[in-house]
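Undergrad: model this:
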Amino acid sequence: MWLGLSILGIIIINAVSAIITVFRQPRDIAATWGWLLVLLLLPVIGFCLYWLFGRKLSSKKLNTLATQQHLGIDTLIAGQQEAVAVGSPLINTSAPAGLPILVRTLLQVDGALVTTMNDVHLIAARDQFTASLMKDVAAAVNHIHIEAYTIEPDATGQHLVALLTKKASEGVRVRVIYDSLGSHRLTRKFWAPLRAAGGQVEPFFATKLGRINPRVNFRNHRKLTVIDGTIGYMGGFDIGSSPHHLPIHRDTQLRITGQAVAVLQAQFFLDWNTTAKIQKVHFQQSYFPAPADTGTTAMQIVAGGPEQPMAALKLGYLRLLTLAKASIWLQTPYFVPDDSLLDALTIAANAGIDVRIMVPVRTNQPLMAKASQYYLDVMVQRGAKVYRYTNGFLHAKTIVVDEAYVATGTANFDLRSFTLNFELAAFIYDRHLAREAAALFTADMAHTVRYTKAMVAAKRRGQRLSGELSRLLAPIL
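TA: As a prediction, this is how the structure comes out:
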């Protein structure tokens with residue numbers, strides 16, 4: 001009897017603790033139920049998992065992130081918000097009526113400044129990206145700002161730090177932010193030459209445990225570089241390759257010159273001032289030189305993060321999908337959408353729009369891949385065309401709509417990227433670049449296998465069950 005009462009008491013205490021733990025801070029209802037399921041079914045173990053994955057940022061930290069100023073760009077954003085409020089167009093284009101609504105949405109939910117005179121180059125191969133980045137870093141004369149999720153201590157990482165050290169010794173101001181989890185293989189010794197030369201290096205949201213970082217969520221997945229305030233990079237490529245992960249040779253990166261570089265610069269400073277304990281950065285004109293304005297590409301750069309009251313990237317993608325009249329071509333390593341995005345793709349497919357989803361066969365996250373498989377099965381049954389990329393790990397995160405608009409950046413098409421991590425994406429309104437991105441998609445199709453309804457129907461029950469169980473955990477993955 002005493003054993004039974006003890007077990008009942010443990011169950012009751014665990015249930016009450018689970019409810020209090022999950023409801024302490026507001027979160028998405030799907031994530032709420034997901035964590036309740038874990039905590040109730042896995043006593044003790046569930047709370048360990050919650051400590052690693054489920055803890056939210058403190059209200060103080062969220063308020064600090066949300067109230068940062070845009071270092072001279074906030075006044076421009078306010079002016080554009082006033083302009084759209086009275087119906088003034090910000091982009092001179094013959095695009096359909098839905099585009100101004102997308103522009104306005106991104107401007108309102110994220111303060112995503114509209115820039116119209118940019119020169120943007122798509123980079124799809126790792127070797128090309130690395131060579132271009134190193135060349136521009138070597139030519140820097142004023143400052144180099146790098147924000148990275150992963151920097152590996154391989155030959156590429158060693159070459160970069162040696163180059164940054166050389167530039168810092170020449171008087172170039174060098175600042176680097178790296179994610180302490182994504183770059184967990186880095187040591188203080190790795191950065192010692194750069195710091196000795198006057199460069200500044202800050203780990204993002206580091207803990208007192210150093211390289212042993214127990215916080216898995218709220219990672220800085222943004223990957224951007226600004227050189228002399230005139231050249232910017234953003235996209236999916238990390239710096240270097242890990243010997244423990246699948247190598248990534250195919251991704252999408254942007255090299256930008258023009259007005260949008262100032263937006264990348266401001267974002268870097270927002271993140272730097274949030275991360276750095278000392279040596280905060282204040283507005284200086286040398287960081288924001290007048291752009292050459294030789295390009296013609298219109299774009300908005302959107303930041304996503306857990307401090308946002310509304311998920312700006314998800315809302316932007318949702319609105320972008322509704323613009324489609326003929327085609328939606330989507331590439332992503334992980335496909336774990338919420339119901340709103342799933343419904344938008346379903347509506348498009350049922351309306352006769354050419355919906356194509358391309359994912360890699362192999363990834364570095366098996367559980368996410370299983371959850372993705374569930375949603376891919378759903379989309380195949382709802383009329384979308386699904387392609388599985390076989391030529392290595394496809395890491396590109398790109399949406400091309402009607403070969404007229406393209407969105408690309410660091411965010412996977414999943415809940416983690418929309419609500420838990422700090423991400424960055426460019427919404428580009430340029431038919432030439434959209435056609436170029438569509439051509440890359442078409443070239444990638446030569447390395448894919450079509451995933452069909454027959455393949456879905458032929459799956460064994462065990463395969464279906466693993467996908468369904470992974471899907472239950474999708475809101476908290």
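Undergrad: looking at the protein, which helix or strand is least sure?
TA: Least confident helix or strand of the chain, by mean pLDDT, DSSP states H and E, is helix 59-66 with a mean of 49.
Undergrad: phi and psi next, for residue 405.
TA: phi -130, psi 150 (degrees, to the nearest 10).
Undergrad: what mean pLDDT would you report for the stretch of helix or strand residue 193 belongs to?
TA: Assigned by DSSP states H and E, residue 193 belongs to helix 188-196. Mean pLDDT, computed over helix 188-196, is 95.
Undergrad: give me the residue at the spatial middle of this protein.
TA: Residue closest to the mean C-alpha point of the chain, counted by C-alpha atoms, centre = their mean, is residue 411 at 2.5 Å.
Undergrad: does that residue touch residue 422 like I think?
TA: No - taking C-beta atoms under 8 Å as the definition, residue 411 is not a contact partner of residue 422, at 9.9 Å. No exception for glycine: its C-beta is placed from N, CA and C like everyone else's.
Undergrad: can you check which residues contact both of the two?
TA: 221, 304 (C-beta atoms under 8 Å, 6 or more residues apart in numbering).
Undergrad: how near is residue 422 to residue 183?
TA: Distance, residue 422 to residue 183, by C-beta to C-beta, to the nearest Å: 14 Å.
Undergrad: let me fix that, I meant to ask about residue 252.
TA: In terms of C-beta to C-beta, residue 252 sits 21 Å off from residue 183.
Undergrad: go on, residue 407?
TA: With C-beta to C-beta as the criterion, residue 407 and residue 183 are 26 Å apart.
Undergrad: three-state assignment of residue 300?
TA: strand (DSSP: H, G, I helix; E, B strand; the rest coil).
Undergrad: try residue 123
TA: strand.
Undergrad: the closest residue to it other than its chain neighbours: how many residues sit nearby?
TA: Nearest non-adjacent residue to residue 123, counting by C-beta to C-beta, 6 or more residues apart in numbering: residue 253, 4.2 Å away. Taking other C-beta atoms under 10 Å as the criterion, the count of residues near residue 253 is 25.
Undergrad: so what does the host helix or strand of residue 262 touch, helix or strand wise?
TA: For residue 262, the enclosing helix or strand under DSSP H and E is helix 260-275. Contact here means 3 or more C-beta pairs under 8 Å, 6 or more residues apart in numbering; DSSP states H and E; on that basis helix 260-275 packs against strand 114-125, strand 143-148, strand 173-179, strand 200-204, strand 224-227, strand 231-235, strand 297-304.
Undergrad: can you give me the domain assignment for the protein?
TA: For the chain, automatic domain parsing gives the domain ranges 2-55, 62-80+115-299, 312-476.
Undergrad: now distance to residue 100 too, for these, in a markdown table please.
TA: What follows is the domains of the chain, written out as a markdown table (distance: least, C-beta to C-beta, whole Å):
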| stretch | distance to residue 100 |
| --- | --- |
| domain 2-55 | 29 |
| domain 62-80+115-299 | 12 |
| domain 312-476 | 10 |
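Undergrad: what does the average pLDDT come to for the helix holding residue 262?
TA: 90.
Undergrad: check stretch 396-405 too.
TA: The average pLDDT for stretch 396-405 rounds to 96.
Undergrad: distance between the ends of that stretch?
TA: 16 Å (C-alpha to C-alpha, to the nearest Å).
Undergrad: residues touching the residue lying closest to residue 421 once chain neighbours are set aside, list them.
TA: Leaving out its chain neighbours, the residue that sits closest to residue 421 by C-beta to C-beta, 6+ apart is residue 221, at 4.4 Å. By C-beta under 8 Å, 6+ apart, the residues touching residue 221 are 149, 179, 182, 410, 411, 417, 421, 422, 423.
Undergrad: any idea which of the residues you listed is closest to residue 260?
TA: Closest to residue 260 out of these is residue 410 (15.5 Å), distances taken as C-beta to C-beta.
Undergrad: list phi and psi for that closest one.
TA: According to degrees, to the nearest 10, residue 410 has phi -100, psi -10.
Undergrad: mind saving the C-alpha coords of stretch 106-118 as CSV?
TA: C-alpha atoms of stretch 106-118 as CSV (Å, rounded to 0.1, in the frame of the first residue of the first chain):
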residue,chain,number,x,y,z
LEU,A,106,7.9,43.1,-43.1
LEU,A,107,8.3,46.8,-42.4
GLN,A,108,5.8,46.7,-39.6
VAL,A,109,6.6,43.4,-37.9
ASP,A,110,10.4,43.7,-38.1
GLY,A,111,11.3,47.2,-39.2
ALA,A,112,12.7,45.7,-42.3
LEU,A,113,14.0,48.7,-44.3
VAL,A,114,13.3,48.7,-48.0
THR,A,115,16.4,49.3,-50.1
THR,A,116,16.2,49.6,-53.8
MET,A,117,19.7,50.2,-55.2
ASN,A,118,21.7,47.0,-54.6
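Undergrad: show me what it is in contact with.
TA: With C-beta under 8 Å, 6+ apart as the test, stretch 106-118 has contacts from 70, 73-74, 76-77, 80-81, 84, 90-92, 103, 256-260, 262-263, 291, 293-304, 308, 310, 312, 315-316, 427.
Undergrad: on that earlier part again, please produce CSV containing the contacts of residue 221, extended by pLDDT and distance to residue 168.
TA: Formatted as CSV, the contacts of residue 221 follow (pLDDT from 0 to 100; distance: C-beta to C-beta, whole Å):
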residue, pLDDT, distance to residue 168
149, 95, 22
179, 93, 21
182, 90, 23
410, 96, 26
411, 94, 31
417, 90, 33
421, 90, 29
422, 93, 26
423, 96, 29
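Undergrad: low-confidence ranges, the stretch 351-477 of the chain, go.
TA: Within the stretch 351-477 of the chain, the ranges that satisfy pLDDT under 70 run 472-477.
Undergrad: gap between the residue nearest to residue 421 and residue 270?
TA: 15 Å.
Undergrad: what's the end-to-end length of stretch 279-298?
TA: End-to-end distance for stretch 279-298, by C-alpha to C-alpha: 34 Å.
Undergrad: all strands for the stretch 351-477 of the chain, in order.
TA: Ranges of strands within the stretch 351-477 of the chain are 354-360, 385-389, 398-401, 405-409, 413-414, 423-429, 448-451, based on DSSP state E, counting those that start in this stretch.
Undergrad: between the ones you listed, which gets nearest to residue 99?
TA: strand 423-429 (6.6 Å).
Undergrad: check which helices and strands that closest one sits against.
TA: Looks like strand 423-429 contacts helix 98-110, strand 297-304, helix 312-322, strand 405-409 (3+ C-beta pairs under 8 Å, 6+ apart).
Undergrad: strands paired with that strand, and their directions?
TA: Strand 423-429 has the following sheet partners, assigned by DSSP bridges: strand 297-304 (antiparallel), strand 405-409 (antiparallel).
Undergrad: could I get those strands as a markdown table with mean neighbour count?
TA: Shown next, in a markdown table, are the strands paired with strand 423-429 (neighbours: other C-beta atoms under 10 Å):
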| stretch | mean neighbour count |
| --- | --- |
| strand 297-304 | 26 |
| strand 405-409 | 26 |
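Undergrad: can you put those strands in JSON lines and add distance to residue 466?
TA: Listed next are the strands paired with strand 423-429 as JSON lines, based on distance: least, C-beta to C-beta, whole Å:
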{"stretch": "strand 297-304", "distance to residue 466": "29"}
{"stretch": "strand 405-409", "distance to residue 466": "30"}
